[in-house]
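K.L.:
Okay, here's the prediction I keep looking at, along with the sequence it came from:
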Amino acid sequence: MPEGKKTDKTLPNPSDMTICEATAQMLTKARKDGVETQFERAANMKACPIGADSACCKHCFMGPCRLNARDPYGKVGVCGATIDTIQARNFARNVATGTACHNDHGMAMLDLFRGVVNGKIIDYKIKDVNKLNETAQMLGIEIEGKTVQEVANELCDELEKTYTAVDGEIPFVKRVPAKTLETWRKAGIVPRGAMREIMEMLSRTHIGMDQDYKNIMRQASRTALVDGWGGSMVATEISDILYGTPAPVAVEVNMGVLKEDQVNVIVHGHEPNLFESMLASVNDPGLIQAAKDAGAKGINLVGMCCSGAEMMSRHGVPHAGNFSSTELILVTGAVDAMAVDIQCIQQALVKVAECYNTPLITTNSRCHLEGATHIPFHEHDPRACTEEIVIKAITRFKSRSLPVEIPKNVGTGVHGFSSEYINYMLGGSFRGSYTPLNENIINGRIRGVAGVVGCTNPRTKQDWMHVELVKDLIKNDVLVVQTGCSQIALAKAGLTSPEAAYYAGPGLREVCETVGMPPVLGLGSCVDNTRILIACAEMVKTGGLGDSIADLPVAGAAPEYMSEKAIAIGQYFVASGVFTIFGVTFPSIPGTKFHKYLFDEMENEGFGKWGFATDPHEMARQMIAHIDKKRKALGIDKARERTLVDMADRRAIDAA
Ligand code: NFS
């Protein structure tokens, strides 16, 4: 048995910490094995109340200063910073960090793309020429008479401005509906390159700089917009061009995808490059033979978190679980290697992996973990890294000594709904368009669209908020689109299959059954939230639902978020015009001017607004109320009443 901490009898039951049965089973085993995870650490470490309220400032060394949430205007920091300045600074820095992460990922994708285009990187190819051409044309690049390489080169140059433009506007603002863009221009928040915006954001939150919470938040919006319509969008578009635009595919999800008699390799992280090469390595006949020689039936490649979500969408690779399950999957004893790249890689993985003799391998120069094995991944020779990892996994399989316990839970769902596919799915190959979606919203069968996204957080019961919220939404005819760890929660709960239409309200169910789609559409990883932005822009362009994103009957939620990336995503949705509601905790004090600005006043300036709820049913209620408010403003609220009467009539006729 692995050595570890003693079981703490005061800890809550595993079934109170997660609704994922597989994770609960492994949590019980971990405690038996004396292995500690984020769930125990969260239970044992009370969150700092002053920090949770965002009432402390440690951006200079006259402090740190602590203000009081119960009397927020009772005192100020040593420099005189008010509670509103402090909260705005903290929030803006969250946005800057989250935006930096997504742009760092997007820029790495652009570096890779350039290497492929100029022939210096040969392991990857341009797979989706259509997407290349469409993206180039949308950005105003002429494609007639040009080779694929010429178009790709020009696209590289254009997309690079997303990061480097010192003035002007980033390329993808061409996708933004005119009225939304007008709102941004009026507020002076159309983003320049990410480097400039993040630099200015950090500068403005230094001691003695911007001390007007509204002005700080303007730059926070500008910074967030260069995430959603910038770096994240570049990451998604280049991934599609290089690896293919996703289309629906049936995928198995949950820990039961591990196989006791195979070499199990997990890839966890965010950039698809490592995973794509790993996919090639596990299919290498020589390595498969080596696995067989070691007594295994084969090599089983499985994903986790966001790169897992991308790979399930593109290639149908099974997915083992979301963020809060990344330690617990190792507790199965069945993982022969876990390869990680960047983002959401908990340092605690090192210790858990050690307990189960699982090689934990970092691969990226930007994300080492002390105590893990580092095998550098270079795009110029990617297979050298992935093959070494597979060999390590085979070696570990051969010497498995601890008992293996794999939970049996497996859910099957359909994933891979890119915005392009939604277009095609609803309109068919000859008249692909968003018109049927808009029509069904206008006639009320679909009440509105909700994006439910984001992390899991051990301070709330894993997956529970996601699942309960989505169930309420679809029951009320709200079509749900998803990404990231939230999508995995719903997939595990069985709500991403077309049969889940059974749980939808009558209008949404009718649409789902006609099209053959689930009421919950999985769009991929967190950078793929940009697919939701694009879908919103398409809905506006198609017509009948107002002139700006702020007019649409849509809402967004991250009910179990934990990362700064989620804050950046939330802010770019709000700045784009979407009511966005978070759960768990919110870094502001109700009643302060800063809080009022985020939760009420931003909406009056033509943006969306923030919301907060810890109960999923209350969260759904607020989202539906917002959708209904927008329907009313559009004058389509009556249509829905008629549709529902129609359905009731139909049921009455059926029953007769
Ligand atoms: Ni998003 Fe992906 Fe998951 Fe949260 Fe982390 S994996 S980028 S941050 S935890 S959804």
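P.N.:
Yep, it's here. Numbers count the residues shown, from 1 in each chain.
K.L.:
Just list the residues touching the nearest residue to Val226 once chain neighbours are set aside, thanks.
P.N.:
Leaving aside its sequence neighbours, Val226 sits nearest to Pro191 (CB to CB, 6 or more residues apart in numbering; 3.7 Å). Yep, even glycine has a C-beta here, placed from its N, CA and C like the rest. Applying CB atoms under 8 Å, 6 or more residues apart in numbering, we find Pro191 in contact with 169-170, 173, 197, 222-223, 225-226, 229-230.
K.L.:
hmm, 10 Å instead?
P.N.:
Residues in contact with Pro191 (CB atoms under 10 Å, 6 or more residues apart in numbering) are 99, 162, 165, 168-170, 172-173, 184, 197, 221-230, 572, 575.
K.L.:
Drop anything exposed from those residues.
P.N.:
Buried by 16 or more other CB atoms under 10 Å: 99, 162, 165, 169-170, 172-173, 184, 197, 221-230, 572, 575, out of these.
K.L.:
Dump stretch 309-328 to PDB, keeping only the CA atoms.
P.N.:
Provided in PDB are the C-alpha atoms of stretch 309-328 (Å, rounded to 0.1, in the frame of the first residue of the first chain):
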ATOM      1  CA  ALA A 309     -12.100  17.700 -24.600                       C
ATOM      2  CA  GLU A 310     -10.500  18.800 -27.800                       C
ATOM      3  CA  MET A 311      -9.400  15.300 -28.700                       C
ATOM      4  CA  MET A 312     -12.800  13.800 -27.900                       C
ATOM      5  CA  SER A 313     -14.400  16.300 -30.200                       C
ATOM      6  CA  ARG A 314     -11.900  15.800 -33.100                       C
ATOM      7  CA  HIS A 315     -11.100  12.100 -32.900                       C
ATOM      8  CA  GLY A 316     -13.500  10.500 -30.500                       C
ATOM      9  CA  VAL A 317     -10.700   9.700 -28.000                       C
ATOM     10  CA  PRO A 318     -12.300   8.600 -24.700                       C
ATOM     11  CA  HIS A 319     -12.300  11.100 -21.800                       C
ATOM     12  CA  ALA A 320     -11.600  10.000 -18.200                       C
ATOM     13  CA  GLY A 321     -12.900  13.000 -16.300                       C
ATOM     14  CA  ASN A 322     -12.700  16.700 -15.400                       C
ATOM     15  CA  PHE A 323     -10.300  18.800 -13.300                       C
ATOM     16  CA  SER A 324     -11.400  17.500  -9.800                       C
ATOM     17  CA  SER A 325     -10.800  13.900 -11.000                       C
ATOM     18  CA  THR A 326      -7.200  14.300 -12.200                       C
ATOM     19  CA  GLU A 327      -5.700  13.100  -8.900                       C
ATOM     20  CA  LEU A 328      -8.300  10.500  -8.300                       C
END
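K.L.:
what is the rounded mean pLDDT of that stretch?
P.N.:
The average pLDDT within stretch 309-328 is 96.
K.L.:
Repeat that for stretch 216-233.
P.N.:
For stretch 216-233, the mean pLDDT works out to 98.
K.L.:
just how off-centre is that stretch within its chain?
P.N.:
Here the centre of stretch 216-233 is set off from its chain's centre by 16 Å, with CA atoms, centre = their mean, to the nearest Å.
K.L.:
Please determine how far Leu132 is located from the ligand.
P.N.:
As judged by CB to the nearest ligand atom, to the nearest Å, Leu132 and the ligand stand 25 Å apart.
K.L.:
from memory that residue sits against Val151, does it?
P.N.:
Yes. Counting by CB atoms under 10 Å, Leu132 touches Val151, with 6.2 Å between them.
K.L.:
circling back: and the buried ones among the contacts of Pro191 near the ligand, which?
P.N.:
Residues of these in contact with the ligand (CB under 6 Å from any ligand atom): none.
K.L.:
Quick check: the residue of the stretch 551-656 of the chain nearest the ligand.
P.N.:
Nearest residue of the stretch 551-656 of the chain to the ligand, counting by CB to the nearest ligand atom: Ser563, 3.9 Å away.
K.L.:
pull the longest helix from this structure.
P.N.:
Taking DSSP state H as the criterion, the chain has its longest helix at helix 83-117.
K.L.:
tell me which parts of the stretch 401-550 of the chain are close to the ligand?
P.N.:
Proximity of the stretch 401-550 of the chain to the ligand is confined to 454-455, 484-485, 526 under the rule CB under 6 Å from any ligand atom.
K.L.:
give me that answer again for 8 Å
P.N.:
Contacts of the stretch 401-550 of the chain with the ligand, taken as CB under 8 Å from any ligand atom, map to 453-456, 483-486, 525-527.
K.L.:
Just among those residues, which is most surrounded?
P.N.:
Within these, Cys485 tops the neighbour count with 35 neighbours, counted by other CB atoms under 10 Å.
K.L.:
In contact with that one, which residues?
P.N.:
Contacts for Cys485 (CB under 10 Å, 6+ apart) come out as 304-306, 308-309, 321-326, 344, 453-457, 462-463, 466, 525-526, 558, 560-563, 566.
K.L.:
now, the most widely separated pair of the residues of the stretch 401-550 of the chain next to the ligand?
P.N.:
The largest separation in these, counting by CB to CB, is between Thr456 and Val527 at 18.0 Å.
K.L.:
Val414 should be in a strand, yeah?
P.N.:
Yes. Checked against DSSP: H, G, I helix; E, B strand; the rest coil, Val414 lies within a strand.
K.L.:
per-residue pLDDT, it?
P.N.:
Reading off the confidence values, Val414 has pLDDT 93.
K.L.:
Please tell me how far the closest residue to it other than its chain neighbours sits from the ligand.
P.N.:
Closest residue in space to Val414, ignoring its immediate chain neighbours: Pro248 at 5.0 Å, by CB to CB, 6+ apart. Applying CB to the nearest ligand atom, the value for Pro248 to the ligand is 21 Å.
K.L.:
picking up where we left off before, now do the SS call for the residue nearest to Val226.
P.N.:
Strictly by three-state DSSP, Pro191 counts as coil.
K.L.:
show me the contacts for the residue nearest to Val414.
P.N.:
Pro248 neighbours (CB under 10 Å, 6+ apart): 313, 316, 413-418, 421, 425, 498, 516-518, 521-522.
K.L.:
out of those residues, which is most surrounded?
P.N.:
Using other CB under 10 Å as the neighbour test, the contacts of Pro248 are led by Ser313, with 32 neighbours.
K.L.:
in terms of contact, does it touch Asp528 like I think?
P.N.:
Yes. With contact defined as CB under 10 Å, Ser313 and Asp528 form a contacting pair (7.9 Å).
K.L.:
any common contacting residues for those two?
P.N.:
Common contacts of Ser313 and Asp528, defined by CB under 10 Å, 6+ apart, comprise 239, 246, 417-418, 483, 487, 522.
K.L.:
Nearest residue to Cys526 in space, please, no chain neighbours.
P.N.:
Here the nearest residue to Cys526 in space, its sequence neighbours aside, is Gly484; by CB to CB, 6+ apart that works out to 4.3 Å.
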